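sequence plus the predicted model coming up.
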Amino acid sequence: MKITRIETDEALQQAFLIRLEVFVDEQKVPRDLEMDEFDASPQAAKHVLLEVDGVPAATGRFIEYKPDTAKMQRIAVRLPYRGKGVGRALMQALETWAKGEGFAYSLLDAQCQAEPFYRSLGYETVSPETFLDAGIPHVRMKKAL
């Protein structure tokens, strides 16, 4: 596995292709809800690309949510790479980067089907109930870095 901090538009486009495959094609999230202001450039958020044998396999990003809290977003692992430690490696890379940037906490809005995965990484559910984001049930989760 190779994990790269995205610094070029070309690498950012590879991340977008993964997100479109996972969120738009697979999960039927409307394309206009998938892209946002943090996708304007590689510097708008902290984006990561994970490759397996030279093939883009996963991506994610974080933004500043509060001065001490990074918000992990757009965590996407292509179907052939799920259940193989790719998501865990991706999250560890994002968390390490966020901690290095001075954040003490990581926050994310997890799809309910992924809640057990994030629990296995040390996240705790902090939302009192589920909520819908792009029509998909989510819970808010948090972890000390």
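Received, thanks. Numbers count the residues shown, from 1 in each chain.

show me where the chain has its strands.
According to DSSP state E, the chain carries its strands in the segments 2-5, 46-52, 55-66, 69-77, 105-111, 124-125, 131-133, 136-144.

partner strands of the fourth one and their direction?
What that stands for is strand 69-77. Strand 69-77 pairs in its sheet with strand 55-66 (antiparallel), strand 105-111 (parallel), by DSSP bridges.

in this protein, which residue sits furthest out from the middle?
Using C-alpha atoms, centre = their mean, the residue of the chain lying farthest from its centre is P128. It sits 22.0 Å away.

state the distance from it to Q14.
Distance of P128 to Q14, given as C-beta to C-beta, to the nearest Å: 37 Å. Using the backbone N, CA and C atoms, a C-beta is placed for each residue, glycine as well.

what do you get for A144?
Noted for A144: a distance of 31 Å to Q14, by C-beta to C-beta.

the two - which one has more neighbours?
Q14 (18 against 10; other C-beta atoms under 10 Å).

so the residue nearest to that one when sequence neighbours are not counted bridges to which residues?
Distances taken as C-beta to C-beta, 6 or more residues apart in numbering place P56 nearest to Q14, at 4.7 Å, with adjacent residues excluded. Beta bridges link P56 to E51 when assigned by DSSP bridges.

list the contacts for P56?
Q14, A15, L17, I18, L49, L50, R78 (C-beta atoms under 8 Å, 6 or more residues apart in numbering).

how about 10 Å then?
2, 4, 11, 13-15, 17-18, 21, 49-50, 78, 81 (C-beta atoms under 10 Å, 6 or more residues apart in numbering).
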